[in-house]
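**Q** Here's my sequence, what's the structure:
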Amino acid sequence: MTLFARCNFIFFVIVSLTGCVSPIALNRAIEVYDNAAIHAESRQLLTNIARAQHHEPLHFTRVSSIAATFNFSANAGATPALTGESGGLLAPVFGAGVAENPTFSIDPISGDEFTKRILTPFSQHKLTLLLRQHFDIDLLLRMMAQEVHLHRPEIKEFIADKLPEKQRRKRHQQHGAITPADFPPKIDPGVQKDKQPFLPGILLTKEQEHRLRNRQRIHLHQSFYHNNPADKTGYEMFRRIVLHLAAIQGQKQLYAEPLTFERNWTIPANAISPEGLFQAIEKDFTVSHDEDKNSYTLSKQLPGPILITNYDPDILCCEERAALYDLINPWIENDVAFDIRSGYPGGEWPIRGAFRLRSFHTILNFLGHALGEQAEYPVDKDPRTPPLDRNVNPSHTLGLIVADQLRNDAKLYSYSHGKYYAVDTTGDNAHWNRNAFQLLYILFRLTVTDAKSLGLPITISK
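**A** Numbers count the residues shown, from 1 in each chain. The predicted model follows:
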């Protein structure tokens with residue numbers, strides 16, 4: 001082989017060697033950095049649970065970016081053969097190397113970002129987004145819900161009205177209701193009787209007065225049950241309600257979708273130009289003409305709050321939708337209403353109300369306090385609840401092991417306050433605990449961005 005041919009051969013080998021090293025190093029780096037980021041955030045979550053247990057401030061950091069620079073080097077040479085008849089010939093010598101220089105950007109979560117991500121309650125749309133990922137509804141609500149407001153339709157309005165004035169005032173104060181009896185209005189002789197202020201210094205329209213009275217009426221007929229083991233009555237009722245929904249979900253008969261309403265507007269025909277009107281609103285509104293009244297009626301379907309039911313909400317008529325709207329109006333973004341009716345799966349215990357979701361900060365405090373003074377305990381389902389799927393009903397929302405020594409098979413753990421905190425992946429609840437910690441991790445990631453309504457009806461199933 002000539003010297004020129006040998007040089008070409010050596011060059012070809014160097015290029016091939018460099019090309020082989022590059023993808024191997026890149027694949028290894030992606031895998032290593034990905035695992036490192038996941039384990040860092042997992043340990044941060046467990047450390048914050050330990051801090052919450054000891055009533056210490058919670059602290060969060062995030063890895064904003066990872067930049068890795070790879071320097072590939074290769075060298076080649078020739079050396080005389082040491083033995084044999086080829087001792088006078090040159091033998092090729094090859095070498096290659098990889099230098100890696102990673103750069104991590106780690107930022108504390110503070111200021112407005114801390115408020116929005118950690119302290120702001122979760123929205124109902126994030127709950128339904130997770131339901132679409134086939135999470136168990138009992139796990140979701142036990143972790144995400146702060147309390148449940150249970151409507152009591154069996155209580156009649158006249159019961160409160162017949163109470164003595166002193167007891168009625170006390171009842172209103174306990175439930176937070178505001179009535180004209182609590183704040184006598186200031187009568188202005190110059191104002192007509194039908195326009196007197198409903199509240200002192202506030203003049204309400206008839207629609208506003210109706211909504212306020214309706215809200216007070218519903219508020220008086222609600223019971224509040226907190227998802228807090230320190231409140232024995234509230235905690236056990238909360239757990240039973242959640243288990244009831246889980247049993248319906250196990251039968252694949254639980255629905256969750258926005259409750260839509262129809263709004264109508266009447267416009268005199270002589271006040272608009274029909275051609276211009278139709279061109280502007282034909283995509284958003286339905287237009288009907290009333291020849292007798294010489295007017296146009298505009299109709300539009302508006303999405304309302306998320307409603308969890310044991311029936312298909314499409315069967316509801318306009319009057320029933322209006323009644324549900326009055327029940328949950330005014331609704332807020334971190335409330336999730338439910339309506340379980342008789343005659344459908346799980347209808348042996350008809351219940352109606354709303355869950356109030358909590359913030360990620362409150363979730364960590366709940367899990368941390370469950371390791372100490374507010375420990376969770378077993379709660380059986382209500383006798384009217386259908387059988388549970390696989391009879392899954394763990395006592396703890398997230399089972400953790402706190403010990404001086406770390407188990408050999410522990411994978412999700414953190415060391416804090418002189419103890420090892422690890423997810424309990426042993427026993428019958430191992431699968432539940434893994435899913436619970438996965439949910440906690442997803443919730444932390446969900447705090448990064450908002451989740452908008454998908455507007456798609458779903459049937460929740462396992």
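**Q** what's the nearest residue to Ser342 if we skip its chain neighbours?
**A** Distances taken as Cβ to Cβ, 6 or more residues apart in numbering place Pro350 nearest to Ser342, at 4.6 Å, with adjacent residues excluded. (Each C-beta comes from the backbone N, C-alpha and C, glycine too.)
**Q** and the one you found, what does it touch?
**A** Ile340, Arg341, Ser342 (Cβ atoms under 8 Å, 6 or more residues apart in numbering).
**Q** how much space between it and Arg384?
**A** 9 Å (Cβ to Cβ, to the nearest Å).
**Q** coming back round to it: please pick the buried ones from the contacts of Pro350.
**A** Buried by 16 or more other Cβ atoms under 10 Å: Ile340, out of these.
**Q** tell me which of the contacts of Pro350 is nearest to Asn365?
**A** Ile340 (29.7 Å; Cβ to Cβ).
**Q** Please report phi then psi for that closest one.
**A** Backbone torsions for Ile340, taken as degrees, to the nearest 10, come to phi -100, psi 120.
**Q** thought it was touching Gly353?
**A** No. Using Cβ atoms under 8 Å, Ile340 makes no contact with Gly353, being 9.3 Å away.
**Q** Show me the strands in the stretch 201-350 of the chain, by range?
**A** Here the stretch 201-350 of the chain has its strands, by DSSP state E, counting those that start in this stretch, at 222-226, 254-268, 286-290, 295-309, 335-340.
**Q** okay, those strands, which one's buried deepest?
**A** Mean neighbour count, computed with mean count of other Cβ atoms under 10 Å, is highest for strand 335-340 among those, reaching a mean of 24.
**Q** lowest average confidence, helix or strand, in the chain?
**A** Here the helix or strand of the chain ranked lowest by mean pLDDT, DSSP states H and E is helix 157-161, holding a mean of 36.
**Q** what's the residue nearest to Ser342 sitting at in phi/psi?
**A** phi -70, psi 120.
**Q** Return the residue spatially closest to Gly346, with its sequence-adjacent residues excluded.
**A** If the residues on either side of it in the chain are set aside, Gly346 comes closest to Ile248, at 4.0 Å by Cβ to Cβ, 6+ apart.
**Q** Same check on Ile308?
**A** Once flanking residues are discounted, Ile308 sits nearest to Phe338: 4.0 Å by Cβ to Cβ, 6+ apart.
**Q** Leu127 versus that neighbour, what's the distance?
**A** From Phe338 to Leu127 the distance is 11 Å (Cβ to Cβ).
**Q** now swap in Asp335 and tell me
**A** The gap separating Asp335 from Leu127 is 10 Å, by Cβ to Cβ.
**Q** cool, His54 as well?
**A** Distance from His54 to Leu127, by Cβ to Cβ: 30 Å.
**Q** So those two - more neighbours on which side?
**A** More crowded of His54 and Leu127, by other Cβ atoms under 10 Å: Leu127, with 23 against 11.
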